[in-house]
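Next one to model:
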Amino acid sequence: MTKSRVVEPLWQGGGLGKRLLLALVAIALLVGTVAWLTGWPDLSAASWAAGTAMILASLLTEIAITLGRKEFGLDLIAALAMGGALFLGEYLTGSIVALMYTGGEALEDFAQRRARRELTALLNRVPLTAVRYADGQLQEVSIEELNPGDRILIRRGEVVPVDGNVMDDGIAVLDESALTGEALPVRRRSGGPVTSGTTNAGDAFEMLAANSASNSTYAAIVRLVEAAKAAKAPIVRLADRYALGFLAVTLLLAGAAWAISGEPVRALAVLVIATPCPLILAVPVAIIAGVSRCAGKGVLVKGGGALEMLARIKTVILDKTGTITDGRARLIEVKSRPDLDPMEVLRLAASLDQGSHHVIARALVAAARERGLKLVAPSGSREAAGSGVSGHIDGHEIAVGGWDFISERINESAFSRDIRQWIRRDGVVSVLAAIDGVLAGAFLLADEVRPEVGSVLRRLREAGVKRIVLATGDRTELAESLQSFLGLDNVAAELKPEDKTRIVEAESAAGPVMMVGDGVNDAPALAAADVGVAMGARGAAASSEAADVVILVDRLDRLVSAIRIAHRSRGIALQSVYMGMALSAAGMVAAAFGYLTPVQGALLQEAIDIVAILNALRALGDPMRGWRKTTRLEHAELLKLEAEHRALMDVVDEIRHTSARIQHLSEEEVRNQLTQLDALLRQRLLPHERQDDEELYPRLRRQAGVPDALAGMSRTHMEIQRQVHGLTSLRKALGEHGPSPAQRYEIQRLLHGLEAITRLHFAQELEIYRLLEDE
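Below you'll find the model as predicted:
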């Protein structure tokens with residue numbers, strides 16, 4: 001199979017030329033058939049011969065060109081079959097072979113275009129112009145004229161041309177499905193990031209360009225797509241290497257049949273059945289189908305070579321930040337003064353931090369918005385770079401920052417000494433807040449491990465990966481803490497970019513190596529690995545450019561999906577080849593013994609080719625599971641379930657805050673706080689758990705055909721309900737003078753347990769739901 005045969009059908013001219021040749025040879029065959037049926041044998045022979053000669057001339061030209069490039073393929077067998085048919089006067093056979101050959105080419109062209117549909121869709125979405133504000137006027141300009149800092153208007157239905165951020169007081173509703181596979185529109189509020197290539201699914205909004213068009217996310221993706229379309233898989237090159245051996249066997253069998261029988265027509269029949277071999281049709285179709293299916297899942301594979309290598313990986317090297325972890329600081333704990341509501345302290349701190357561009361300030365603002373807190377505009381803000389910010393909110397003087405920044409503005413107290421000890425934790429960032437010169441509370445933020453990491457590592461091993469290594473530039477103690485519960489085979493910490501490259505080279509002795517990372521420092525290792533995988537949703541452009549595979553959606557489990565697709569596509573490609581070759585070989589033997597005429601052989605081979613290509617197209621779809629029942633979740637339903645859990649996190653946070661304050665509240669405050677928490681749990685948490693147990697779980701059980709499926713999760717629902725009932729009983733049992741010290745302790749113990757089991761239950765459900773997602 002030559003390179004032009006893989007790539008040319010993608011060119012408009014190449015595809016059109018093949019379809020034109022198919023039409024001409026079909027007309028010639030039809031005219032000849034009509035002439036033969038009406039008693040004009042000479043006209044029929046001339047028509048069939050002309051059609052055959054036309055295709056043979058085109059094929060010989062292509063063979064000469066490819067031989068000049070020192071490339072070799074099985075086209076020579078087709079040329080020998082058509083030439084032999086003309087020489088022996090088997091014009092009908094030659095015409096059928098010509099039709100079969102051009103039809104196979106057209107079918108391959110159709111199959112590859114069908115397989116590349118998702119990739120082509122990405123390229124077709126490239127915006128050409130944008131509306132920019134200039135001198136108070138709106139101007140439509142070419143996207144090449146856009147520069148960082150430009151104010152751009154994105155109208156409904158338009159594709160975002162460059163990366164940027166939503167302007168003040170704006171809200172963007174974006175369709176990101178073309179890039180990430182996310183089915184539902186996402187909302188971006190003021191200051192939120194907007195990625196080029198997404199579509200405005202809501203009202204018009206204004207954005208501030210952060211990059212030029214050539215340096216934006218979508219431009220990089222388009223470059224990757226172009227590389228993916230031009231790449232050729234090693235398995236396709238393997239087909240080329242098989243071609244020489246298959247040609248030799250074919251010629252040897254044809255020559256033997258002629259020599260033994262003395263009938264050259266038998267040799268022709270052997271050549272006809274061997275033309276064209278499924279080896280040159282099914283392989284590229286199956287591989288490109290796999291690339292396309294990965295694109296539909298938000299994983300951009302740069303070509304068939306990378307896809308095939310994905311199926312052979314034995315060692316996976318993972319970066320930590322942004323790969324194993326989320327890569328962003330997230331609020332994990334709040335501690336406030338006993339007389340203050342923790343959410344109110346967070347609201348005030350986040351309101352002040354709105355004016356700061358510090359990454360931790362942005363994380364605190366994001367946490368407040370996730371919890372539905374209403375932020376207000378600060379006044380008189382003053383920021384000490386990298387230390388903290390002070391200003392006024394609702395008439396109060398607020399200060400937010402690190403310990404050194406806040407300690408200069410407050411008087412020491414028992415609470416401040418307690419906070420100073422509380423924030424001394426490894427792997428976290430602490431932020432303190434003071435109100436009117438008094439310490440109000442503190443926040444702990446951390447880059448948490450992705451919730452899906454455990455299942456991803458387990459499924460990687462199930463997919464044939466023998467070693468999983470963590471390679472990070474972070475401190476050794478942080479890396480070893482991950483190894484303690486993730487079950488990694490090795491950990492290397494405090495690495496420089498060149499150190500990661502050396503680790504890739506060292507691990508390659510055990511087999512093909514995959515490197516997964518997201519930062520600029522990962523780019524050399526990504527390029528050095530057999531397969532480099534970039535976390536492209538929020539990663540650096542350099543890593544995406546250096547990688548062979550780019551995960552466009554911010555989910556590490558899509559890596560497993562890509563590997564499974566690669567295994568299946570490669571298996572289907574080889575299956576199609578072996579099946580087609582076996583059938584062709586059987587037909588060739590039958591023809592050599594005279595059981596098949598050249599015409600019969602041509603029709604048989606055409607059927608074999610069609611079966612092989614249709615089998616290869618199975619790589620576009622889901623695996624067939626026969627009669628076995630499966631439990632599946634659609635992607636949209638998964639997003640809905642995840643959103644429900646996020647919406648309940650403020651309830652879980654309230655359990656923690658109540659348990660932290662219970663020892664310091666007055667008797668009346670304890671009663672009020674427990675009454676409010678009890679109502680919150682019964683109005684929001686318990687209905688959610690009952691709905692899961694009565695609607696979602698039964699449906700999943702029916703799909704699985706296992707009545708006891710998810711029994712452990714239902715048992716957890718019962719325990720949550722029991723704990724909430726226990727809280728209600730403790731609240732009602734409070735004496736006239738409020739809770740005793742023993743009752744306070746019992747309430748606090750129960751709340752600690754309820755919080756722990758609820759958080760664990762949510763994490764388990766999330767992992768189960770993602771495993772059940774329709775891949």
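
same for the biggest helix by length in the chain, what does it pack against?
Criterion DSSP state H: the longest helix present in the chain is helix 558-592. Judged by 3 or more CB pairs under 8 Å, 6 or more residues apart in numbering; DSSP states H and E, helix 558-592 is in contact with helix 234-261, helix 264-273, helix 282-296, strand 299-301, helix 304-310, helix 453-462, strand 549-551, helix 598-616. (C-beta placed from N, C-alpha, C; glycine too.)

Point out where the stretch 101-250 of the chain drops to low pLDDT.
Along the stretch 101-250 of the chain, the model assigns pLDDT under 70 to residues 104, 107-126, 177-185, 221-244.

If you count neighbours, what's buried in the strand or helix carrying Leu750?
Using DSSP states H and E, Leu750 sits within helix 741-772. Using 16 or more other CB atoms under 10 Å as the burial criterion, the residues of helix 741-772 that qualify are 743-744, 747-748, 750-751, 754-755, 758, 761-762, 765-772.

picking up where we left off before, for Leu700, which of the helices and strands packed on helix 558-592 is the nearest?
Closest approach to Leu700 among the helices and strands packed on helix 558-592 is made by helix 453-462 (16.9 Å; CB to CB).

Check which residues of the closest one are buried.
The neighbour-count check on helix 453-462 (16+ other CB under 10 Å) flags 453, 455-457, 459-460 as buried.

Excluding chain neighbours, what is closest to Ser47?
Once flanking residues are discounted, Ser47 sits nearest to Gly32: 3.6 Å by CB to CB, 6 or more residues apart in numbering.

buried residues in the host helix or strand of the one you found?
Element membership of Gly32, judged by DSSP H and E, is helix 12-37. For helix 12-37, the neighbour count (16+ other CB under 10 Å) marks 14-15, 18, 21-22, 24-26, 28-29, 31-32, 35-36 as buried.

of the residues you listed, closest to Phe246?
Ranked by distance to Phe246 (CB to CB), the buried residues of helix 12-37 are led by Lys18 at 23.0 Å.

Do I have it right that that closest one meets Ala106?
Yes: at 5.4 Å, Lys18 counts as touching Ala106 under the criterion of CB atoms under 8 Å.

Which residues are in contact with each of those two?
Here Lys18 and Ala106 share no contacting residue, scored by CB atoms under 8 Å, 6 or more residues apart in numbering.

Which positions in the lengthiest strand in the chain come out as buried?
Scanning the chain for the strand with the most residues, using DSSP state E, yields strand 438-446. Buried residues in strand 438-446, counting neighbours by 16+ other CB under 10 Å, are found at 439-446.

And for stretch 38-50?
44-50.

how about those residues in JSON lines, adding distance to Ala81, pLDDT and secondary structure?
Compiled in JSON lines, the buried residues of stretch 38-50 are given as follows (distance: CB to CB, whole Å; pLDDT from 0 to 100; DSSP: H, G, I helix; E, B strand; the rest coil):
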{"residue": "Ser44", "distance to Ala81": "20", "pLDDT": "89", "secondary structure": "helix"}
{"residue": "Ala45", "distance to Ala81": "18", "pLDDT": "90", "secondary structure": "helix"}
{"residue": "Ala46", "distance to Ala81": "20", "pLDDT": "92", "secondary structure": "helix"}
{"residue": "Ser47", "distance to Ala81": "19", "pLDDT": "92", "secondary structure": "helix"}
{"residue": "Trp48", "distance to Ala81": "14", "pLDDT": "90", "secondary structure": "helix"}
{"residue": "Ala49", "distance to Ala81": "14", "pLDDT": "91", "secondary structure": "helix"}
{"residue": "Ala50", "distance to Ala81": "17", "pLDDT": "91", "secondary structure": "helix"}
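
All set, thanks.
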